[in-house]
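[1] Got a sequence here, can you model it:
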Amino acid sequence: MKSQNRINQLHVITLFWVGLVIAGFWMVINYQVKPGAMAIPEENVVSFDDPNSSWHLIAFLHPECTCSRATLEELNILQKRLGNLVSIRIFISSPFSLDETKESEIYRLATRSHDWSVDIDLEAVLATQMLAYTSGICYLYSPNEELIFAGGITASRGHSGPAAGQEIISAAVRGDQQAIGQLKQYPVYGCGIQDKSHLVISKI
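    The predicted model follows:
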């Protein structure tokens, strides 16, 4: 009897741990594929100051959102793919101080490239005006300053690789009329722009 009870207890413990593992795995997957908040700005408040480019891609990133490393990687690929057809402007929209923002990993990674411009958006003022609620949100504007695309360019949180957002941008800039004809949207995956819980400034 004692032996049978012992076996039953082991079964219960095993099932309990299996359940915890499955629950933990599900939480991780759910976190990776759950999109962030997104809205369409009524008007663009960002000035386009690159006379050599007709298309403009604007990105908003939280300085401590590690998910946005993947966004920077994909922006780099888009820049190389499209060249001078598009100018990229990145805003590091930060709830932290200027010095803290400059010490962040995302800011340092972004400023390593000379293929785009990087600005610090303190207190996320501009992001708020543009309804950019989630780190990684991108807006593509046509030569006549019409919003063509709004959304993310990664397939999930922190996931580098092909994603529909990238393809929409590439197609539009290259003149695909289907991509240009109507506003296209794609989910954005990242941390909340106004989130202050990431205040552990990463040194790289």
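[2] For the spatially most central residue of the chain, give me phi and psi.
    Geometric centre of the chain, nearest residue: Gly136, 1.9 Å, by Cα atoms, centre = their mean. Note on Gly136: its backbone torsions stand at phi 110, psi -10 [degrees, to the nearest 10].
[3] Helices of this protein, residue ranges please.
    Counting by DSSP state H, the chain has helices at residues 2-33, 68-82, 98-102, 105-110, 125-129, 164-173, 177-180.
[4] For the second one, what is the distance to the chain centroid?
    Spelled out, that is helix 68-82. 11 Å (Cα atoms, centre = their mean, to the nearest Å).
[5] Please apply the same query to the fourth one.
    On the basis of Cα atoms, centre = their mean, helix 105-110 sits 13 Å off its chain's mean C-alpha point.
[6] could you give me the average pLDDT of that helix?
    For helix 105-110, mean pLDDT rounds to 95.
[7] any idea what sits nearest Asp115, other than its immediate chain neighbours?
    In this structure, Asp115 finds its nearest non-sequential neighbour in Gln79, 4.7 Å apart by Cβ to Cβ, 6 or more residues apart in numbering. (Glycine included, C-beta is placed from N, CA and C.)
[8] Verify the stated contact: the one you found with Arg89.
    No - with contact defined as Cβ atoms under 8 Å, Gln79 does not count as touching Arg89 (11.4 Å).
[9] which residues does the residue nearest to the centre of the chain contact?
    The contact partners of Gly136, taken as Cβ atoms under 8 Å, 6 or more residues apart in numbering, are 36, 59-61, 65, 67-68, 71, 152-154, 188-190.
[10] ok, now how distant is the residue lying closest to Trp116 once chain neighbours are set aside from Cys138?
    Distances taken as Cβ to Cβ, 6+ apart place Ile88 nearest to Trp116, at 3.8 Å, with adjacent residues excluded. Going from Ile88 to Cys138 by Cβ to Cβ, to the nearest Å gives 9 Å.
[11] tell me, what's touching those two both at once?
    Leu57, Ile58, Ala59, Leu75.
[12] hang on, the earlier thing: please identify which of Ile88 and Cys138 sits among more neighbours.
    Cys138 (26 against 23; other Cβ atoms under 10 Å).
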